[in-house]
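K.L.:
Sharing a sequence plus its predicted fold:
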Amino acid sequence: MTGQQPDIQWYIARDGKQHGPLSDMEMRTFVAQGHLKPTDLIWRAGFADWRPAPAVFPFQAPEPAAPPPPRAPMSRPADAPARGGQPAEVERSFEPNRIHVAHDDGFDTPSRKGRIIVAAVLLLLVAAGGGWYVWQKGSPQGSDEAVPVVKSGQTPSSTPATAAATETPSDAITSPEAVEKGAEALDAKFQQTPMWNVVKREFPDWYSDKLKEAAKLSAENEPEIKITKHLAEALVALRRQHANEALSASTEKLKTVANAFLNNLKSLGERSVGACYGFISQGETAPVVLEIMLSPEQGASVQAQVASIFEAIADGRKTPTTHDRAVKEDYEVLVQQLTKLGWKENDLKVFSNPSALSREPPARVCKMVQDWFSAHLSVEDKATQERLLVETLKPVVSG
């Protein structure tokens, strides 16, 4: 079991003002609630400069009302260290626990439990960790980096090339012919798995490019774990890019995704609590998950889950389905299912509060997330289940 990694600290620049830091959980709350704007700039330790929001997180038009104009200064705080240490804290007008769900969808007078479950749906950050964890080669994140100053008038279109979501492999040291041959060998290996099979079928050009990148890394004698990480990050980026199509899949496809997610957590949990918690908190790119994925047998459940999402994407692209939004009564049904699993009022409060949830023992977090999906899949009314699944799968496919 690997040691716990330092928390990522996120910063947002909007309308000439800078906000942060936000913890990783708080940032995912902000994104899950649809408050991120495509014109926002994002920074965290590990970024050479500010990046446009769409290059870091998938943009979806926000459903709640926009938050009030931020008041923090754009430039780095005066007492922020130039190097070594975290930047000084600035006004946190984006703090997720100050953002409330807009009651424009039938939730005008929800019950207390209803409010908690609505929040839990929007704050299901534990399922949204994949794709944003970046290894710092053993260095504490942000230990030697300060927030860069946002230049006046800087916009996503004017940000430097460092805004790319993935690193570009180093210059090739082998011939194109050797790389092509290596890509063919990888293709023969990858096509033995359902995950890569569906990805190649739906995104052949993307698949071909990633094979060549992996083959080049292999030819440069890069360790297998680095190649696996590179491909995992690319898959996460592709999944996020097509999240809306996945959510437009048929109800049966959505149920398959939920079942695959639940089965994956159970399988990882049988291996170790660390494996389950690592996937919940960091997704496919968690170090422990990457190690597991090196083995086709051990990584089967992870690959099955990824495959289910890309099958949903394929279904949503081919025959998109419009799903109704969940209503207050749906969450009351969900509360009943969770109660059958032994949940009490305090469990609902903990699960709907990212800060409280982050302080819970990893074993309990794993159990609660499994219960959450089990409860959804146990709902008997198909229409109710469909509406609930669409909401709860949003962070799974776009996180």
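P.N.:
Received it, and whenever you're ready, just let me know what you need.

K.L.:
On the three-state scheme, residue 47 is what?
P.N.:
coil (DSSP: H, G, I helix; E, B strand; the rest coil).

K.L.:
What count of nearby residues applies to it?
P.N.:
Neighbours of residue 47 under the rule other CB atoms under 10 Å: 17. Using the backbone N, CA and C atoms, a C-beta is placed for each residue, glycine as well.

K.L.:
what separates it from residue 222, distance-wise?
P.N.:
22 Å (CB to CB, to the nearest Å).

K.L.:
likewise residue 322?
P.N.:
Going from residue 322 to residue 222 by CB to CB gives 44 Å.

K.L.:
Comparing the two, which residue is more hemmed in?
P.N.:
Per other CB under 10 Å, whichever of residue 322 and residue 222 has more neighbours is residue 222, with 15 against 5.

K.L.:
which element is residue 245 on?
P.N.:
For residue 245, the host element (DSSP states H and E) is helix 243-246.

K.L.:
pLDDT of that helix, averaged?
P.N.:
Computed over helix 243-246, the mean pLDDT rounds to 94.

K.L.:
Then stretch 8-28?
P.N.:
According to the model, stretch 8-28 has a mean pLDDT of 81.

K.L.:
Repeat that for stretch 304-321.
P.N.:
So the average pLDDT for stretch 304-321 ends up being 95.

K.L.:
and what of stretch 359-369?
P.N.:
Mean predicted lDDT for stretch 359-369 stands at 92.

K.L.:
what's in contact with it?
P.N.:
126-127, 265, 269, 273-274, 276-277, 280, 347, 350-351, 357 (CB atoms under 8 Å, 6 or more residues apart in numbering).

K.L.:
Show only the entries of those found in helices.
P.N.:
265, 269, 273, 274, 276, 277, 280, 347, 350, 351, 357 (DSSP state H).

K.L.:
Can you give me every residue that contacts the last one?
P.N.:
By CB under 8 Å, 6+ apart, the contact set of residue 357 is 25, 126, 350, 351, 365, 368.

K.L.:
Please look at the third one and residue 344 and confirm they touch.
P.N.:
No - when contacts are counted by CB atoms under 8 Å, residue 350 is not listed as touching residue 344 (9.8 Å).

K.L.:
Please identify which of those two sits among more neighbours.
P.N.:
residue 350 (20 against 10).

K.L.:
ok, now how distant is residue 178 from residue 184?
P.N.:
On the measure of CB to CB, residue 178 and residue 184 end up 11 Å apart.

K.L.:
can you list the weak-confidence ranges in the chain?
P.N.:
Filtered on pLDDT under 70, the chain yields the residue ranges 1-7, 29, 32-34, 58-174.

K.L.:
all strands for it, in order.
P.N.:
With DSSP state E as the criterion, the chain has strands at 9-14, 17-23, 41-44, 51-52.

K.L.:
could the ones you listed go into a markdown table alongside distance to residue 195 and mean neighbour count?
P.N.:
What follows is the strands of the chain, written out as a markdown table (distance: least, CB to CB, whole Å; neighbours: other CB atoms under 10 Å):
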| stretch | distance to residue 195 | mean neighbour count |
| --- | --- | --- |
| strand 9-14 | 29 | 24 |
| strand 17-23 | 31 | 22 |
| strand 41-44 | 28 | 24 |
| strand 51-52 | 28 | 21 |
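
K.L.:
and the ones you listed as JSON lines, adding distance to residue 361?
P.N.:
Output for the strands of the chain, formatted as JSON lines (distance: least, CB to CB, whole Å):
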{"stretch": "strand 9-14", "distance to residue 361": "24"}
{"stretch": "strand 17-23", "distance to residue 361": "19"}
{"stretch": "strand 41-44", "distance to residue 361": "27"}
{"stretch": "strand 51-52", "distance to residue 361": "34"}
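
K.L.:
Nearest to residue 387, out of those?
P.N.:
strand 17-23 (29.5 Å; CB to CB).

K.L.:
Verify the stated contact: residue 26 with residue 353.
P.N.:
No - using CB under 8 Å, residue 26 is not in contact with residue 353; the gap is 11.3 Å.

K.L.:
how about residue 271, what does it touch?
P.N.:
Residues near residue 271 by CB under 8 Å, 6+ apart: 292, 298.

K.L.:
Tell me how far it lies from residue 190.
P.N.:
23 Å.

K.L.:
same check, this time on residue 288
P.N.:
On the measure of CB to CB, residue 288 and residue 190 end up 22 Å apart.

K.L.:
related to what we said a few turns ago, so which bits of the helix holding residue 245 are buried?
P.N.:
243, 245, 246 (16 or more other CB atoms under 10 Å).

K.L.:
next one: stretch 212-222
P.N.:
Of all the residues in stretch 212-222, those buried under the rule 16+ other CB under 10 Å are 212, 213, 214, 215, 216, 217, 218, 219, 220.
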